[in-house]
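Asker: next comes the sequence, and after it the predicted model I'd like to discuss.
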Amino acid sequence: MLERRTLVDRLLRHRPDNALTVSSLGSPTWDIASTGDNPLHFGFIGAMGQAAPFALGLAMAEPNKRVVLFAGDGELLMSLGILATIANKAPANLAIVSLDNESYGETGGQSTATAGPTDLEAVAKACGFSQTCTATSEEALDAVCDQVWTAKGPAFINLKIVCGPSPLVFPHSFDGATAMNRFRDAINKLGQTQGSYGRSNESEI
Amino acid sequence: MSISCDWPQAIIGVLLSQNVDLVAHVPDAGHAALIRLAEGHDQIDVVTLTSEEEGVGLLCGAWAGGRNGVLLMQSSGVGNCINALALPEICRIPFLTIVSMRGEWEEFVPWQIPMGLATPKVFEAMHVEVFRATEEQHVAETVDAAGDFAFTTRRSAAVLLSQQMLGAKQFKEG
């Protein structure tokens, strides 16, 4: 089993400069915050089940940038249907990193279905993800790095991690609008990409 | 304007004028013509969802990347979206949905009544501004007003297409 902070830190060291990352509520958002502040990251603090749909929409709007979602097993189990939706749209630039500690870590460590018979990689594969894998040890981590950042997606990387408390590290802001404005501005500053940014008719008054 | 105006085609025109090029939906008979037009349009991406709440996050993520979208769903799907609607509200992301109503005029399936009656109340509770379209000739301007509200003030808006206008669902054999 992997230690979540170590593996998130190792994976993010290989992050391309123009990659966009998203994390689901709770520990994945604290994990990413623990590696440092990056305006090209958007961390959920609520709306459980919405991180994967959000990542799909972002990947469709920014087809020339890598979009990587870091999501807990509880989050993914809440909206398993989105895995079918994602596979059906098949965004080549999207990867989901499942941080699977087989438990609801924020609420007392109650077991999730992945502590039982449910295998999230198998679910993603059956839904039609083009790349799937599971890693349980540090040695396997280097091999999955390519799947996270470069391999043709949609990719699903299931990382079995130890269940246990990590130090709380909070992101830049708990206010959604503050975080969203910063994220969107940071994407905008990366410049226009083919057929994506700049089509909003939002009035910036 | 004739009573049988082509309101689905008119909605497509309004959506494109609002820079909406992403249509997410869980299908409903009331939306069938609109979905068919969107699927046949080369400037519009269509995403078929497994459940309506996926559309909320999907459109929010797309907006973060600079795209405007719309969620098409039946009134029974509105309840599935409740907690998800916190996302556009707390992040001040524009959210636009067009809802085909069931459980209203001439409804004969009692299972459609509870969510049909609750739909405007659910939206109101989640701070989604409700715009009603009850006549074909006013559909386009209603969608336009809702789109303006959503995309220029970065808030959530829902257009309810009344069952009186859509016609109650008919069950046909064969």
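Answerer: Cool, the structure landed.
Asker: which parts of the chain are helices?
Answerer: As the question left the chain open, I've gone with chain A. A:4-12, A:27-34, A:51-61, A:73-78, A:81-89, A:120-127, A:138-149, A:176-189 (DSSP state H).
Asker: chain B, not that one
Answerer: Under DSSP H, chain B gives helices at B:7-17, B:32-39, B:53-64, B:75-78, B:86-91, B:113-125, B:139-153, B:163-166.
Asker: what's the most buried one of these?
Answerer: Per residue and on average, the most neighbours among the helices of chain B fall to helix B:53-64, with a mean of 29 (mean count of other CB atoms under 10 Å in any protein chain shown). Bear in mind the C-beta positions are built from the backbone N, C-alpha and C, glycine included.
Asker: A:Leu20 and A:Asn188 touch, don't they?
Answerer: No. Using CB atoms under 8 Å, A:Leu20 is not in contact with A:Asn188, being 11.9 Å away.
Asker: more neighbours, these two?
Answerer: Per other CB atoms under 10 Å in any protein chain shown, whichever of A:Leu20 and A:Asn188 has more neighbours is A:Leu20, with 28 against 14.
Asker: near chain A, which residues of chain B?
Answerer: B:18-19, B:21-22, B:45, B:47-51, B:53-69, B:83-84, B:86-87, B:90-94, B:151-152, B:154 (CB under 8 Å from any CB of the partner chain).
Asker: so which of the helices of chain B is nearest A:Thr118?
Answerer: helix B:53-64 (19.9 Å; CB to CB).
Asker: any low-confidence regions in the chain?
Answerer: Chain wasn't specified; assuming chain A. Within chain A, the stretches with pLDDT under 70 are A:192-205.
Asker: you looked at the wrong chain, it should be chain B
Answerer: Ranges of chain B meeting pLDDT under 70: B:1-4, B:174.
Asker: hmm, try it at 90
Answerer: Residue ranges of chain B with pLDDT under 90: B:1-5, B:167-174.
Asker: which residue is nearest the middle of it?
Answerer: B:Ile98 (1.3 Å; CA atoms, centre = their mean).
Asker: isn't it right up against B:Val143?
Answerer: Yes. Counting by CB under 8 Å, B:Ile98 touches B:Val143, with 6.6 Å between them.
Asker: who touches both of the two?
Answerer: B:Ile11, B:Val159 (CB atoms under 8 Å, 6 or more residues apart in numbering or on different chains).
Asker: tally up the residues packed near A:Ala84, please.
Answerer: Counted with other CB under 10 Å, A:Ala84 comes out at 19.
Asker: ok, the one 3 residues further on next?
Answerer: Neighbours of A:Ala87 under the rule other CB under 10 Å: 19.
Asker: what does A:Asp17 give?
Answerer: When neighbours are counted by other CB under 10 Å, A:Asp17 comes out with 6.
Asker: ok, the one 10 residues further on next?
Answerer: Counted by other CB under 10 Å, the residues lying close to A:Ser27 total 25.
Asker: hang on, it packs against A:Gly105?
Answerer: Yes. Between A:Ser27 and A:Gly105 a contact is recorded at 5.3 Å, counting by CB under 8 Å.
Asker: overlap of the contact sets of the two?
Answerer: A:Gly72.
Asker: the helices of chain A: which one's closest to A:Ala113?
Answerer: If you check each of these against A:Ala113 by CB to CB, helix A:73-78 wins as the nearest, at 5.8 Å.
Asker: which strands or helices does that closest one pack on?
Answerer: helix A:51-61, strand A:94-100, strand A:103-104, helix A:120-127 (3 or more CB pairs under 8 Å, 6 or more residues apart in numbering or on different chains; DSSP states H and E).
Asker: do that again at 6 Å, thanks
Answerer: Applying 3 or more CB pairs under 6 Å, 6 or more residues apart in numbering or on different chains; DSSP states H and E, we find helix A:73-78 packed against no helix or strand.
Asker: residues in contact with it: which ones?
Answerer: A:Ser24, A:Met48, A:Gly49, A:Ala51, A:Ser98, A:Asp100, A:Tyr104, A:Thr112, A:Ala113, A:Thr114, A:Leu120 (CB atoms under 6 Å, 6 or more residues apart in numbering or on different chains).
Asker: the spatially most central residue of chain A: what's it in contact with?
Answerer: Per CA atoms, centre = their mean, the C-alpha nearest to the average position across chain A is that of A:Leu69, at 1.4 Å. Residues counted as contacts of A:Leu69 (CB under 6 Å, 6+ apart) are A:Val22, A:Ala51, A:Ala55, A:Ile96.
Asker: what's around A:Gly191, how many residues?
Answerer: 9.
Asker: so how far is chain B from it?
Answerer: Per CB to the nearest CB, to the nearest Å, A:Gly191 is found 12 Å from chain B.
Asker: what about that residue, distance to A:Asp17?
Answerer: 12 Å (CB to CB, to the nearest Å).
Asker: what's the farthest-apart pair in the contacts of helix A:73-78?
Answerer: A:Ala51 and A:Ala113 (18.0 Å).
Asker: so how do I select the buried members of the contacts of helix A:73-78 in PyMOL?
Answerer: The PyMOL selection below is limited to those of those classed as buried (16 or more other CB atoms under 10 Å in any protein chain shown):
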select buried, chain A and resi 24+48+49+51+98+100+104+112+114+120
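Asker: closest one of the contacts of helix A:73-78 to B:Pro27?
Answerer: Using CB to CB, these come closest to B:Pro27 at A:Gly49, 21.2 Å.
Asker: could you pull up the residues touching that closest one?
Answerer: A:Met78, A:Ser79.
Asker: swap the cut-off to 10 Å and go again
Answerer: Going by CB atoms under 10 Å, 6 or more residues apart in numbering or on different chains, A:Gly49 touches A:24-25, A:71, A:74-82, B:51, B:53-54, B:56-57, B:83-84.
Asker: excluding chain neighbours, what is closest to residue 83?
Answerer: No chain specified, so I'll use chain A. Leaving aside its sequence neighbours, A:Leu83 sits nearest to A:Cys127 (CB to CB, 6 or more residues apart in numbering or on different chains; 4.3 Å).
Asker: wait, I meant chain B there
Answerer: That would be A:Ala47: by CB to CB, 6+ apart, it lies 6.5 Å from B:Asn83.
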